[in-house]
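> I would like to see how this sequence folds:
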Amino acid sequence: MNSLENRLRDAFRADAETVRAGTIPPAPSRPAGRADAVRRRRRARMLIPVAAAAAVLALVTGLSLATSRLGTQVRSAPASPVSSPPASGAWPSGPVHTPVLSARASRGVPASAPAPGVPRFYVTVYNALDGGINHIIVRATASGRAVATIASPARHFFAGMAAPAGDRTFLTAVESNRGCTAQLEWFRLDDRGRPGPLTPLHVTVPRTYGRTGNLAITPDGRTIAYAAYECDGAGEVGVIHLASRQARVWSDPLPNSPTSLSLSADGRWLGYTMGPGGVTSHGVPSVPGGARVLSTSAPPGSLAARSRIVPGGAPWAVLAGGGRALYECTVSPSGSGAQTPVGTLIYGSAPVAGGREHVIARWHGVSVPQCYASLDPAGRYLLVQYPTVAHAAPYWCRPAVLDLRTGRLTDINAPAFSGPLDIAW
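Below is the predicted model of the structure:
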């Protein structure tokens with residue numbers, strides 16, 4: 001076994017030992033903004049720990065090791081084979097699947113006026129490397145301490161996270177391990193961070209969820225956006241207006257999945273980011289990466305055709321307030337992860353229509369810089385997944401709070417994790 005394989009083994013062992021000791025490291029997943037050459041079924045997406053993503057891509061043995069340790073963590077996908085992507089870099093487009101709102105469907109997710117200051121709690125979807133554990137962790141922002149967990153229902157797993165206004169109510173997608181469908185449910189925390197029961201919205205969303213940031217909700221809790229994918233790779237993005245019981249869906253046949261979904265406060269605009277997709281004969285991405293904006297009143301059809309690209313190519317971005325500006329993150333030199341072993345990480349804001357970026361915070365000499373954060377619904381703070389190095393592997397993060405007015409970054413005293421993760425607060 002060579003030294004790289006040893007580092008992989010040590011990373012898995014360290015994560016497992018941390019779980020046994022009672023501290024809970026968050027879930028592995030792919031870094032936001034990385035191109036997906038082939039969008040596979042959910043099992044394939046969850047098998048690759050980001051802690052060793054570069055090594056896994058280089059070593060088939062690393063992938064085999066991840067498979068053996070995951071065990072029964074994720075559901076088995078239907079038996080339809082995954083074909084190689086067409087030369088054009090796009091997947092064939094299938095029919096879209098409209099969400100189903102039952103007669104008892106909720107008209108909204110409970111929201112409340114946000115308390116002043118940093119949100120007291122944040123929640124994380126956690127998938128263990130060993131043992132098939134899938135649950136939600138509630139942490140206190142001030143201490144980083146895990147104050148509660150929510151076990152996933154039998155034969156289901158949590159597959160996304162978002163929050164309306166306030167710091168106590170959270171939306172999650174509860175996906176069946178027997179098919180490509182999920183139920184949208186919400187729960188509320190009390191003053192000590194203890195969660196109440198999962199409450200169904202009686203809304204069924206089709207397909208499966210495999211990327212970080214595939215669920216968003218407006219501050220008033222009345223409009224929900226999601227990105228979901230069929231097990232063979234074709235996908236879609238949908239917006240559900242709970243108050244009017246209307247839904248609209250756009251097809252997504254491209255191999256570079258949308259991530260970092262966000263909605264303007266009034267629900268009229270949807271923002272998301274794409275990694276570069278496909279490569280031309282000259283080595284140039286055939287589908288440009290970066291932030292895009294879609295009007296939620298746009299007619300159904302192709303997601304790419306209905307959206308417009310935001311200048312700048314930021315690998316992570318979310319809409320701010322009314323939807324005219326973005327909070328975004330960029331890496332200099334351009335690229336992320338193993339492509340940029342040391343670089344500058346920049347968080348800022350910029351007009352959606354294009355224009356000069358206002359830099360909020362800049363950090364030089366960051367090891368393996370990557371971009372991902374969660375905006376609190378009040379629009380004052382970002383919970384940044386700040387890059388760090390752990391277990392001699394890249395793509396580890398530590399949680400920190402970025403004040404969008406002052407640019408001050410404050411660490412949260414929680415364990416480092418292999419990221420990015422679905423985190424909401």
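> so the residue nearest to Val368 when sequence neighbours are not counted is in which element?
Counting by C-beta to C-beta, 6 or more residues apart in numbering, Pro394 is the residue found nearest to Val368 once chain neighbours are left out, at 4.0 Å. No exception for glycine: its C-beta is placed from N, CA and C like everyone else's. Using DSSP states H and E, Pro394 maps to strand 393-403.
> can you list the strands that that strand pairs with?
Here strand 393-403 has these sheet partners by DSSP bridges: strand 381-390 (antiparallel), strand 409-411 (antiparallel), strand 417-418 (antiparallel).
> which of those sits most buried?
Highest mean neighbour count among those (mean count of other C-beta atoms under 10 Å): strand 417-418, with a mean of 27.
> which element follows it toward the C-terminus?
Immediately after strand 417-418, counting by DSSP H and E, sits strand 423-424.
> is it true that Arg226 touches Gly238?
For residue 226 the amino acid is Tyr, not Arg. Yes - assessed by C-beta atoms under 8 Å, Tyr226 is found in contact with Gly238 at 5.5 Å.
> low pLDDT regions in the protein?
Within the chain, the segments meeting pLDDT under 70 span 1-95, 128-132, 209-210, 230-233, 254-256, 277-287, 335-340.
> now the most centrally placed residue in it: which helix or strand?
Centroid-nearest residue in the chain, with C-alpha atoms, centre = their mean: Thr212, separated by 1.7 Å. Using DSSP H and E, Thr212 sits within no helix or strand.
> and it, how far is that from Met161?
As for Thr212, its distance to Met161 is 10 Å (criterion: C-beta to C-beta, to the nearest Å).
> from Ile412, how far off is the residue nearest to Val368?
21 Å.
> surely Asn134 touches Ile150?
No - using C-beta under 8 Å, Asn134 makes no contact with Ile150, being 10.2 Å away.
> which one is Arg120 nearest to, not counting chain neighbours?
Computed as C-beta to C-beta, 6+ apart, the closest residue to Arg120 that is not its neighbour in sequence is Asp167, at 5.5 Å.
> the one you found contacts Pro114, correct?
Yes - applying C-beta under 8 Å, one finds Asp167 in contact with Pro114, separated by 6.4 Å.
> what residues are shared contacts of those two?
Asp376 (C-beta atoms under 8 Å, 6 or more residues apart in numbering).
> and those two? Which one has more around it.
Taking neighbours as other C-beta atoms under 10 Å, Asp167 and Pro114 compare with Asp167 leading, 23 against 18.
> check the gap between the nearest residue to Gly290 once chain neighbours are set aside and Ala163 for me.
Ranked by C-beta to C-beta, 6+ apart and with sequence neighbours excluded, the top spatial neighbour of Gly290 is Gly313, at 3.7 Å. Gly313 sits 28 Å away from Ala163, going by C-beta to C-beta.
> looking at the two, which is more packed in?
Taking neighbours as other C-beta under 10 Å, Gly313 and Ala163 compare with Ala163 leading, 30 against 19.
> residues contacting the residue nearest to that one when sequence neighbours are not counted?
With sequence-adjacent residues excluded and distances taken as C-beta to C-beta, 6+ apart, Ala163 is closest to Ala424, at 4.1 Å. Taking C-beta under 8 Å, 6+ apart as the contact definition, Ala424 lies against 122-123, 161-163, 170-171, 374.
> please apply the same query to Trp396.
With C-beta under 8 Å, 6+ apart, Trp396 has these contacts: 51, 387-390, 416-419.
> dump those to a markdown table, plus distance to Ser257.
Formatted as a markdown table, the contacts of Trp396 follow (distance: C-beta to C-beta, whole Å):
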| residue | distance to Ser257 |
| --- | --- |
| Ala51 | 20 |
| Pro387 | 22 |
| Thr388 | 25 |
| Val389 | 27 |
| Ala390 | 26 |
| Ala416 | 26 |
| Phe417 | 21 |
| Ser418 | 19 |
| Gly419 | 17 |
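> what's the closest of those to Leu294?
Closest to Leu294 out of the contacts of Trp396 is Gly419 (26.1 Å), distances taken as C-beta to C-beta.
> please look at that closest one and Cys371 and confirm they touch.
No - counting by C-beta under 8 Å, Gly419 stays clear of Cys371, with 10.9 Å between them.
> same drill for the two, tell me which one is more crowded.
Legend: neighbour count by other C-beta under 10 Å for Gly419 and Cys371, higher for Gly419 (30 against 25).
> how close does the more buried one sit to Pro399?
9 Å.
> shared neighbours of these two, which are they?
Gln385.
> relative to Val125, how far out is Leu375?
For Leu375, the distance to Val125 - C-beta to C-beta - is 17 Å.
> counting neighbours, go ahead and name the busier of these two.
In terms of neighbours (other C-beta under 10 Å), Val125 is the more surrounded of Leu375 and Val125; the figures are 25 against 21.
> so what's that one bridging to?
Going by DSSP bridges, Val125 forms beta bridges with Ile136.
> got a list of what it touches?
So Val125 contacts 26-27, 134, 136, 158-161, 172, 421-422 (C-beta under 8 Å, 6+ apart).
> mind doing that once more with 7 Å?
27, 136, 158, 161, 421-422 (C-beta atoms under 7 Å, 6 or more residues apart in numbering).
> bridging residues for Tyr229?
Thr208, Gly235.
> am I right that it is in contact with Gly235?
Yes - look at Tyr229 against Gly235 with C-beta atoms under 7 Å: they come within range, at 3.6 Å.
> the more surrounded of these two?
Taking neighbours as other C-beta under 10 Å, Tyr229 and Gly235 compare with Gly235 leading, 30 against 27.
> ok, so what distance separates the more buried one from Gly290?
For Gly235 relative to Gly290 (C-beta to C-beta), the value is 19 Å.
> same check, this time on Val249
In terms of C-beta to C-beta, Val249 sits 23 Å off from Gly290.
> how about the helices in the stretch 251-400 of the chain?
In the stretch 251-400 of the chain, the helices defined using DSSP state H, counting those that start in this stretch lie at 303-306.
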